[in-house]
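Colleague: Could you work out the structure for the sequence below:
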Amino acid sequence: MPIFPPGDIVRDLSLVLDSAAAFYSILIGAVLLRQWHVRQFRQIVDIRLAWATFFLGMVANRSAFIFSDFYLTTEPLNTDFTKFGYIGLILALCAFFFAVEAILPYDTRHAFFIAGLFHILLTIIFPRSLLEVVAASIATVTLVGVMLFLNYTMRNTAGDLKSSIKRIVAAFLLGFIGFLLASDPVYINFGIGPYLIGEAFLVIGITGFGIGLIYTPTLDELDWQKQLVELYLIQEGGLLVYHHEFTENAEIDQVLTAAGISGVQSLFQEITRSDTGLNIVSVGEFAILFAHSLTFTSVLIARQPYAVILAKLNEFTADFETMFGLIIQNFEGTLKEFSSANELVEAIFGSHHSGSSSNR
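Modeller: Numbers count the residues shown, from 1 in each chain. From the prediction side, this is the model:
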């Protein structure tokens, strides 16, 4: 980071932008930490806690750089605070990587977390002249890790959440570009103009990124696959066509269960005088989600009634109707005709558990 002389208007502008980055980081980090704390079931491996830690690390980074750039301009304090800024941010990144690698389905073997610890060691032992190398390296690791997370999020979300993630990605990329521009090599080779632009991009990116995270309440739906329990496809009249288990359950009579679900739905339709059928029913710790077609009803038992799960169920129902609609209309109990349904389940729900077609 450049060392500015006192009394310079450029210095004051840079100080304002750095302070803004630190202020908004601590504000966003505190809000995300509060959102995590008030949740009924708090977990250490939680995406909101991970992002809160990331923003609090940005506070340490920006604050340390403010001291080293504007106040502690003599050695060894200047180098010490510069290193402290790097270590604060990398420690936050380590916590973020640890949580994200536990959430994502990729077999990374905590490579990003270990890479973060390695960069902390490099920051401690490297001289000041090589800190830019550490910064460029950890920035690359961070870009790859965050983009893996955001890519996974976009592929496994739908509706409003997917739109929010797109805005979050745009804000993150803007902030990342700003972080690269607000660096010593850019200041030395291109002057103060690009450097100040980078600081402005960083402030805008941090703010947009943080607001996007705060006002995306369905961000918790990223674990939607872990909420799936059982899937039933029930023909009109309560006849079970297809059944799939996402988790191992005690042995139950699937046909009797299907008939019972169909009966309950018919009862509520009679009471409410509705022709559309049920959508979501809560029973104890489970939610029962419904999607309807012309020839059958899809019933998904889940632990949480996430919007993304209902969207996936509607997608599955439409595709199943396209593939097997005519067969279901003339269904007489031949199960082989639904053998490819497991592949459809795998494609939409990403399930690796056993599935079965059942009818008696």
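
Colleague: Stretch 60-80: end-to-end distance?
Modeller: End-to-end distance of stretch 60-80: 13 Å, with Cα to Cα, to the nearest Å as the criterion.

Colleague: chain center to it: distance?
Modeller: Centroid displacement of stretch 60-80 relative to its chain, using Cα atoms, centre = their mean, to the nearest Å, is 34 Å.

Colleague: which other residues reach it?
Modeller: 1-4, 11, 14-15, 18-19, 21-22, 25, 81-82, 84-86, 88-89, 91-92, 128 (Cβ atoms under 8 Å, 6 or more residues apart in numbering). Heads up, the C-betas are built off the backbone N, CA and C, glycines and all.

Colleague: which of the residues in it are buried?
Modeller: Within stretch 60-80, the residues that qualify as buried are 60-70, 72, 78-79, counting by 16 or more other Cβ atoms under 10 Å.

Colleague: between the residues you listed, which is closest to Asp107?
Modeller: Distance to Asp107 across these (Cβ to Cβ) is lowest for Asn61, with 30.3 Å.

Colleague: contacting residues for the residue lying closest to the closest one once chain neighbours are set aside?
Modeller: Distance criterion Cβ to Cβ, 6 or more residues apart in numbering; nearest residue to Asn61, sequence neighbours excluded, is Leu89 at 3.8 Å. Contacts for Leu89 (Cβ under 8 Å, 6+ apart) come out as 57-58, 60-61, 138.

Colleague: returning to that earlier point: kindly write the PyMOL command that selects the buried subset of the contacts of stretch 60-80.
Modeller: Remark: buried members of these, expressed as a PyMOL selection using 16+ other Cβ under 10 Å:
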select buried, resi 1+4+11+14+15+18+21+22+25+81+82+84+85+86+88+89+91+92
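
Colleague: quick revisit: is it possible to export the contacts of Leu89 to a markdown table including secondary structure and pLDDT?
Modeller: Listed next are the contacts of Leu89 as a markdown table, based on DSSP: H, G, I helix; E, B strand; the rest coil; pLDDT from 0 to 100:
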| residue | secondary structure | pLDDT |
| --- | --- | --- |
| Gly57 | helix | 89 |
| Met58 | helix | 89 |
| Ala60 | helix | 91 |
| Asn61 | helix | 89 |
| Ile138 | helix | 91 |
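
Colleague: what's the farthest-apart pair in those residues?
Modeller: Spanning the widest gap among those are Ala60 and Ile138, at 14.3 Å by Cβ to Cβ.

Colleague: that older thread, where's the residue nearest to Asn61 relative to Asn330, distance?
Modeller: Distance, Leu89 to Asn330, using Cβ to Cβ, to the nearest Å: 64 Å.

Colleague: And Leu289, by the same measure?
Modeller: Distance from Leu289 to Asn330, by Cβ to Cβ: 27 Å.

Colleague: State the next helix or strand along the chain beyond the host helix or strand of Gly212.
Modeller: If you go by DSSP states H and E, Gly212 is part of helix 192-214. Using DSSP H and E, the next helix or strand after helix 192-214 towards the C-terminus is strand 228-235.

Colleague: Name the strands paired with that next one and say parallel or antiparallel.
Modeller: Its sheet considered, strand 228-235 pairs with strand 239-245 (antiparallel), strand 296-302 (antiparallel) by DSSP bridges.

Colleague: Which SSE is immediately downstream of the last one?
Modeller: Yep, that's strand 296-302 we're talking about. Beyond strand 296-302 on the C-terminal side, the first helix or strand identified by DSSP H and E is helix 307-329.

Colleague: Just the buried residues of that following helix, please?
Modeller: By 16+ other Cβ under 10 Å, the buried positions in helix 307-329 come out as 308-317, 320-321, 324, 328.
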